[in-house]
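Participant: Provided below for reference: sequence and predicted model.
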Amino acid sequence: MMETISVLAVFFILIIIFYIFYSNKAIDIDEEKDRMRQLEAVKIMQQAFSLAEVQCSERGIVKDGCIDLLKINAAPEIMQNAENKAFYFDKFGFSRIAIKQIYPEIKDIAVIYDNSIGDYSYKDTSNIPVSLFDPIGNKYYFGVVSVEIFSQ
Amino acid sequence: MKKGQQEIMGLAIVITLIILAVLVIAKLSPNKEFSFKKDYEQSELASGMLNALLTTTTRDCNGLSIRDMLQDCADNNTKKCNGENSCAYFEQQSREILRNTLESWQINYEFSIFYDEESPIIKLGKQCITKQSELFPVPTESGALFAKLGICS
C-alpha cells in the first residue's frame, strides 16, 4: 500500500514539474515578444520626435520638442517619395506619423509618414505634445505628434 | 517500514505536493508586464506637455506666450486678455489644452503651479499618488515659480 502511494506521488510530482517547465517556456516567449514590441515602439517614437526633416532649428541649433510648420510642408513629399521609401521604412517600419494642432484651434496639420497596414494583429497609438513653430508669424502653437505602430 | 516512518513519509509527500501546487498557482497568475514603453511615454508626455504649454503663443493676447501670462499672474496680475486677468486667463487656456489632450486620451493627471508645493496657486486635474512627473521652474520677481505636471499611472 505504502509503495503504491509513493509511486503515485512521484508520478504526480514529475507531471507537475513538466507542466511548470513548459508553462514557463510559453510565458517566456510571450514576454519576449511583448518586450521586443515595446522596444520597437520606443525606437520609432524616439526617431519620430527627433526627425531632423521637421525639427525647429535656429542658426543650426536644434530646438527639442518643436516642429517647424514650414518644414512640415516639404517633409511628406520627401518622406513618401519612392526613392526614399526604403530609408524611412528602416526607421519607422509599419507605422503612421501624423501631426495635429490642438491650440489655438484643433486641426490636422500633416501626415508625414504613412505605411499603415489594414490586416494588423496589433496596433499601438502614442501621442506626444510638441510646439508647432510658425516662422512667418513668429508664433508657437500647441500640437501633438501621433504615432501609430502596426504589427502583422 | 515502521508506522512512524510511514507517517513522516506521508507528511513529506503532502508538503511536497502543497509546495508544487503553490508554484503552479504562482505561474498561472498574470505575468509581469514590461513597462518601459509606458514609462518612456509618460515621461515624454509630462515634459513635452509642460514645455509646449508654456511656449505656446496665446490666442488673443498680443502675441504673449502662456509663460508670459503665468509670470504676470505671479508678479502683479495686471495684464488683461479677453476681459480677464492673467491668472484667470492662464488657467482657462491651460484647462482648454489639457481637456483637448490628456483628458480626451483618458489620461489622469495632476497639474499645479506653486512657490510652495503645499499651497499651490493653481491646481488642475485629479490627485494621484503613483505618477511620472516633470517640474519646470518659471522665473518671477518673487523667486522661482514652479509648474508641475504629474501623469497618473
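Facilitator: Happy to help now that I have it.
Participant: Report the secondary structure element holding the closest residue to A:Q47 other than its chain neighbours.
Facilitator: Leaving aside its sequence neighbours, A:Q47 sits nearest to A:K91 (C-beta to C-beta, 6 or more residues apart in numbering or on different chains; 5.2 Å). Heads up, the C-betas are built off the backbone N, CA and C, glycines and all. Assigned by DSSP states H and E, A:K91 belongs to helix A:85-92.
Participant: Any buried residues in that helix, and which?
Facilitator: A:Y88, A:F92 (16 or more other C-beta atoms under 10 Å in any protein chain shown).
Participant: Which neighbouring elements make contact with it?
Facilitator: Contacts defined by 3 or more C-beta pairs under 8 Å, 6 or more residues apart in numbering or on different chains; DSSP states H and E place helix A:85-92 against helix A:2-49.
Participant: How far does the helix it packs on sit from its chain's centre?
Facilitator: On the basis of C-alpha atoms, centre = their mean, to the nearest Å, helix A:2-49 sits 26 Å off its chain's mean C-alpha point.
Participant: tell me what that helix is packed against?
Facilitator: Against helix A:2-49 (3+ C-beta pairs under 8 Å, 6+ apart) you get helix A:85-92, strand A:122-134, strand A:139-151, helix B:3-28, helix B:36-55.
Participant: CA atoms only for the next helix or strand after it, dumped as PDB, please.
Facilitator: Per DSSP H and E, the first helix or strand lying C-terminal to helix A:2-49 is strand A:55-58. Extracted C-alpha coordinates of strand A:55-58, given in PDB (Å, rounded to 0.1, in the frame of the first residue of the first chain):
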ATOM      1  CA  GLN A  55      12.600  69.900 -36.300                       C
ATOM      2  CA  CYS A  56      12.900  73.600 -35.400                       C
ATOM      3  CA  SER A  57      16.400  75.000 -35.600                       C
ATOM      4  CA  GLU A  58      17.900  78.400 -35.100                       C
END
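Participant: Tell me how many other residues surround residue 3.
Facilitator: Going with chain A. By the criterion of other C-beta atoms under 10 Å in any protein chain shown, A:E3 has 8 neighbours.
Participant: wrong one, chain B
Facilitator: Neighbour tally, B:K3, other C-beta under 10 Å: 6.
Participant: can you give me phi and psi for residue 82?
Facilitator: Picked chain A for this. phi -60, psi -30 (degrees, to the nearest 10).
Participant: not quite, I wanted chain B
Facilitator: Per degrees, to the nearest 10, the backbone of B:N82 is at phi 50, psi 40.
Participant: Quick check: the gap between the closest residue to B:E134 other than its chain neighbours and B:L102.
Facilitator: Leaving aside its chain neighbours, B:E134 sits nearest to B:A46 (3.9 Å; criterion: C-beta to C-beta, 6+ apart). Relative to B:L102, B:A46 is positioned 10 Å away (C-beta to C-beta, to the nearest Å).
Participant: shared neighbours, these two?
Facilitator: Any residue near both B:A46 and B:L102 by C-beta atoms under 8 Å, 6 or more residues apart in numbering or on different chains counts here, and that gives B:I151.
Participant: Worst mean pLDDT among the helices and strands packed on helix A:2-49?
Facilitator: In terms of average pLDDT, helix B:3-28 trails the rest of the helices and strands packed on helix A:2-49, at a mean of 77.
Participant: right, is that helix up against chain A?
Facilitator: Yes. Residues of helix B:3-28 contacting chain A under C-beta under 8 Å from any C-beta of the partner chain: B:Q6, B:M9, B:G10, B:I13, B:T16, B:L17, B:L20, B:A21, B:L23, B:V24, B:K27, B:L28.
Participant: In contact with the first one, which residues are there?
Facilitator: By C-beta under 8 Å, 6+ apart, the contact set of B:Q6 is A:M2.
Participant: Please apply the same query to the third one.
Facilitator: By C-beta under 8 Å, 6+ apart, the contact set of B:G10 is A:I5.
Participant: before we move on, back to that, correct me, but the residue nearest to B:E134 touches B:G125?
Facilitator: No. With contacts counted by C-beta atoms under 8 Å, B:A46 stays clear of B:G125, the gap being 11.9 Å.
Participant: Kind regards, and thank you for your time.
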